[in-house]
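# The following block contains a protein sequence and its predicted model.
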Amino acid sequence: MRGMKRGIWMLLIAWLCVACRHEISDRLMGKWQLQTVETQGSIAQVDTVWYNFQSESLFMYQIYRPLSNDYFYTYGYKVQPEEHTLKLELTNYTILVKDFLPHTDWPNARRTFTVDYIDGRRLILHAGDTTYTFRRY
C-alpha cells in the first residue's frame, strides 16, 4: 500500500511538470511586442519588434521600419526542451537569415532564452546578460 501511494505521488508530480511545460507554451501563443531591452544596467525602449508564437513549433520575428514605413519579418522554429527554456531558430523563409540578423541583436540564427516571467499581459525573457520585456499585443 505504501509503495502504491508513493507511485501515485510520483505520477502526480510528473504530470504537474508536464502540465507546467505545456502551460508556458500555451501562454506564449500570440503576438508579443518588445518594450525594453536591458543590458548591464542600461535600458533601451523598443516599440518596433514583435515575436509572434503561432503554434507549438512556429514563430515569426517581425520588425517595423519607421523610415520606410514598412514591416519585414521572417519565420523560425520554437522548441521548449525544459519548462523555462525557449530555443528559437530563424529560417531563410521570407528573407535570408544573414540579411535579417543585422536588424536584430541576435549573434546568429539560433537563440536560447530563459523564460523569467509570463502572465496574460507580460513576458520577460533572458539571454546572456540581456533581459527582454514584452507586452501582449
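Yep, that arrived.
# Look at Q54 and report its pLDDT.
Listed pLDDT for Q54 reads 89.
# isn't it right up against Q62?
No. Applying Cβ atoms under 8 Å as the test, Q54 and Q62 come out as separate, 11.2 Å apart. To be clear about C-beta, it is placed using only N, CA and C from the backbone, and glycine gets the same treatment.
# What are the boundaries of the helices in the protein?
2-28, 97-100 (DSSP state H).
# averaging pLDDT over each of those helices, which comes out lowest?
Lowest mean pLDDT within the helices of the chain: helix 2-28, a mean of 53.
# Apart from its neighbours in sequence, what residue is nearest Y73?
Excluding the flanking residues, the one nearest Y73 by Cβ to Cβ, 6 or more residues apart in numbering is Q62, at 4.1 Å.
# what is that neighbour paired to in the beta sheet?
W50, Y73 (DSSP bridges).
# what's near enough to touch it?
Residues in contact with Q62 (Cβ atoms under 8 Å, 6 or more residues apart in numbering) are 49-52, 71-73.
# Buried only: go through the residues you listed for me.
Burial by neighbour count, judged by 16 or more other Cβ atoms under 10 Å, picks out 49-52 from those.
# quick one: the most centrally placed residue in the chain and R111, what's the gap?
Centroid-nearest residue in the chain, with Cα atoms, centre = their mean: L86, separated by 5.7 Å. L86 is 9 Å from R111, where distance means Cβ to Cβ, to the nearest Å.
# where exactly do the strands run in the chain?
30-39, 42-45, 49-53, 58-65, 70-79, 85-90, 110-118, 122-127, 130-136 (DSSP state E).
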